[in-house]
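Participant: okay, structure incoming, though there's no sequence with it:
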């Protein structure tokens, strides 16, 4: 059977004949298995084999029934032989003439597809994840349609002149890829995703991208190119409106998509008018099928179901969002309900404007519920107040302009822009609770700082390398201790290495703002790492303590265990500014060190006569179960605002292990977060994903700026 991939195989085979080492080992093994282990050498267009037989290299061309298509040469015509690959394509096209095909057309509005693709990619961009394309979603709709119409994956064969329908268990989707080759020629390949019906959408996208990368880097294998049952081609990427591709032998269908645009009669209309009249971009999909086993009505029903899926029915986008861990509700296709009395209803505009303000407030209050802050697993919430549909908005309102917050640079954006600002600000790797703060100045400061930047802070290459270095130091330190001092009792920071990045930013901010001292109090977990990489205790001194060598200058020559010890040091910032660092000793894993650190900070402020309580900053580090479960934490918070105890503000860092000493979250507290008790002093609460070290550094910067 001749097909496009067999033509590519033949071209590789001719390369193999010239030089076996010019193709990948996988292909060499395949050719040896199929054609034998003879050594081939091509000379002057002929192939010489070890048996002594001579075969003309271009013999394949003579087997093709081209004679009936002879063209009578004219005086100025010149002939030029075409290569083996083009010859195979010509033969393949010639063979396809024998297949009785038909083609169905369907024009599909892509408003829902376009909006949901945008939601996915804005969210993925925030988390630095794979982009999703139109072709990903269209090809996935083919997979989903296969489950409803499995017979569309069949083909036909003849045995002794009798036709048989071939039922296939698996759906293998071929993806037509146009590749620019090093010699300047273009090559069409059809790599194939096997058993596509068994994959999730995210698995399907990963397989899709792997095959495309192989095709473009010339590392495609024979297995990747074989057994496609349905092919998808997208000539619309280069502007083609509609296409009727060739159906090759053994294929069931070829789905082709055209360009995406507004209907021609509306392409000169202003965007705001298009939005007012609910006019969508469209794409034309064609289905070319084998008419011997598929009838026109079946093809029409098939395309109608793809249309239904791309509009968002049958939970199509919900399943995609679930597979990608997108926490938002997908946009649904709906009829426009704006303007109850007319297309320009002022009462309707006023009502929707009020609903916009309600939605903005809801994201500020509860946006953290949809933030990607859990590195151990994603929890999908549906919170009605964070769904635009809850306020009566439809897909057609996304392009309409509404008044938003007066502090925004553009306070009359489209609804789409409003939603994107809110989601990118409050639902990324950082979630924040601050609307419980009664002081409007503090609350507005947080709101402006976050919404103007969308909680996104770009770091230079040097800053990223610094973050990486801190993570590497923390990780290697724990690995070294685990390997070198096997059996020694310690409380590792493993899993929380980003805490070192956070502490580095707090100290850098303190040094560059000319603070006097940072006083740190913490439990045992991670203490050794903090001593080494935050306070600056030497490795030599620490390793001697592991070996049992005691500092002779210590009290009575004795030494406490390593994870109880404190230390003093000086931190130097990149700008060569300095700040003193003190880690308070803590002979207990309990939170008893909290009031001690607050007292040390207050004593230092009194000593340096700091009446503003701004030159010394306490940093208290907790576990989540201890923070919510030990009463001394609440007592320390309760005293923190009183004149006799205040220190100017404390940064509390809760390293959330998501499990207490003996129990799970559900059995250890009644609150959503361990940090909820801190709302009693109206402190802002920043939740950050520890697997995103840049976000952790941003959270530390935000906390230090707020405290200042």
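Facilitator: Thanks, I have it. From a predicted model like this one, the values you see are computed outputs, not experimental measurements.

Participant: the strands in the stretch 351-500 of the chain, which residues?
Facilitator: Secondary structure of the stretch 351-500 of the chain, counting by DSSP state E, counting those that start in this stretch: strands at 430-433.

Participant: any regions of it where pLDDT drops low?
Facilitator: Residues of the stretch 351-500 of the chain meeting the criterion pLDDT under 70: 378-380, 487, 489.

Participant: which parts of it are helices?
Facilitator: Taking DSSP state H, counting those that start in this stretch, the helices of the stretch 351-500 of the chain run over residues 415-426, 440-453, 461-484, 498-512.

Participant: turn those into JSON lines, including mean neighbour count.
Facilitator: All C-beta spots, glycine's among them, are computed from the backbone N, C-alpha and C. JSON lines is the format used below for those (neighbours: other CB atoms under 10 Å):
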{"stretch": "helix 415-426", "mean neighbour count": "21"}
{"stretch": "helix 440-453", "mean neighbour count": "15"}
{"stretch": "helix 461-484", "mean neighbour count": "15"}
{"stretch": "helix 498-512", "mean neighbour count": "24"}
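
Participant: now render these as JSON lines, adding distance to residue 289.
Facilitator: Compiled in JSON lines, the helices of the stretch 351-500 of the chain are given as follows (distance: least, CB to CB, whole Å):
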{"stretch": "helix 415-426", "distance to residue 289": "38"}
{"stretch": "helix 440-453", "distance to residue 289": "52"}
{"stretch": "helix 461-484", "distance to residue 289": "52"}
{"stretch": "helix 498-512", "distance to residue 289": "54"}
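
Participant: quick one: closest of the ones you listed to residue 576.
Facilitator: Residue 576 lies closest, by CB to CB, to one member of the helices of the stretch 351-500 of the chain: helix 498-512, at 8.9 Å.

Participant: show me what the closest one is packed up against.
Facilitator: For helix 498-512, the elements it packs on are helix 461-484, strand 517-522, helix 527-530, strand 567-572, strand 578-583, strand 616-623, strand 651-655, helix 693-707, judged by 3 or more CB pairs under 8 Å, 6 or more residues apart in numbering; DSSP states H and E.

Participant: what angle do that helix and strand 517-522 make?
Facilitator: Angle, helix 498-512 to strand 517-522, by axes from the mean of the first three to the mean of the last three CA atoms, to 10 degrees: 160 degrees.

Participant: now helix 498-512 and helix 461-484, what's the angle there?
Facilitator: Using the same axes, to 10 degrees: helix 498-512 against helix 461-484 is 130 degrees.

Participant: check the residue nearest to residue 133 when sequence neighbours are not counted and give its pLDDT.
Facilitator: Sequence neighbours aside, residue 117 is the residue nearest to residue 133 in space, at 7.6 Å (criterion: CB to CB, 6 or more residues apart in numbering). Looking at residue 117, its pLDDT reads 95.

Participant: ditto for residue 686
Facilitator: 96.

Participant: go on, residue 10?
Facilitator: 72.

Participant: the helices of the stretch 351-500 of the chain: which one's closest to residue 291?
Facilitator: Nearest to residue 291, of all these, is helix 415-426, at 43.5 Å by CB to CB.

Participant: elements contacting that closest one?
Facilitator: Under the contact criterion of 3+ CB pairs under 8 Å, 6+ apart, helix 415-426 touches helix 111-127, helix 346-366, helix 440-453.

Participant: among those helices, which is the most enclosed?
Facilitator: Sort those by mean neighbour count, taking mean count of other CB atoms under 10 Å, and helix 111-127 sits at the top with a mean of 20.

Participant: next secondary structure element downstream of that one?
Facilitator: Using DSSP states H and E, the helix or strand that follows helix 111-127 in sequence is helix 134-148.

Participant: what is the helix or strand following that next one packed up against?
Facilitator: Tracing the chain past helix 134-148, the next element assigned as helix or strand by DSSP H and E is strand 155-159. Secondary structure elements in contact with strand 155-159, counted by 3+ CB pairs under 8 Å, 6+ apart, are strand 162-166.

Participant: now do stretch 120-130: everything it contacts.
Facilitator: Stretch 120-130 is contacted by residues 131-132, 205-206, 209, 320-321, 324, 326, 328, 372, 420, 423-424, 427-429, 456, 692 when judged by CB atoms under 8 Å, 6 or more residues apart in numbering.

Participant: pLDDT-wise, which helix or strand of this structure ranks last?
Facilitator: Of all helical and strand segments in the chain, the minimum by mean pLDDT, DSSP states H and E falls on strand 54-56, at a mean of 35.

Participant: helices of the stretch 551-700 of the chain, start to end?
Facilitator: 593-607, 624-629, 631-639, 665-668, 693-707.

Participant: so which residues make contact with the first one?
Facilitator: Identification of contacts with helix 593-607 by CB under 8 Å, 6+ apart yields 516-517, 519-523, 582, 584, 586, 610, 613, 615-618, 620, 632-633, 635-636, 639-640, 645-648, 650.

Participant: from these, which would you call buried?
Facilitator: Among the contacts of helix 593-607, those classed as buried by 16 or more other CB atoms under 10 Å are 516-517, 519-523, 582, 584, 586, 610, 615-618, 620, 633, 636, 640, 646-648, 650.

Participant: could I get the helices of the stretch 551-700 of the chain as a markdown table with distance to residue 478 and mean pLDDT?
Facilitator: What follows is the helices of the stretch 551-700 of the chain, written out as a markdown table (distance: least, CB to CB, whole Å; pLDDT from 0 to 100):
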| stretch | distance to residue 478 | mean pLDDT |
| --- | --- | --- |
| helix 593-607 | 22 | 95 |
| helix 624-629 | 20 | 90 |
| helix 631-639 | 27 | 95 |
| helix 665-668 | 25 | 81 |
| helix 693-707 | 16 | 95 |
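
Participant: out of the ones you listed, nearest to residue 452?
Facilitator: Using CB to CB, those put helix 693-707 closest to residue 452, at 12.8 Å.
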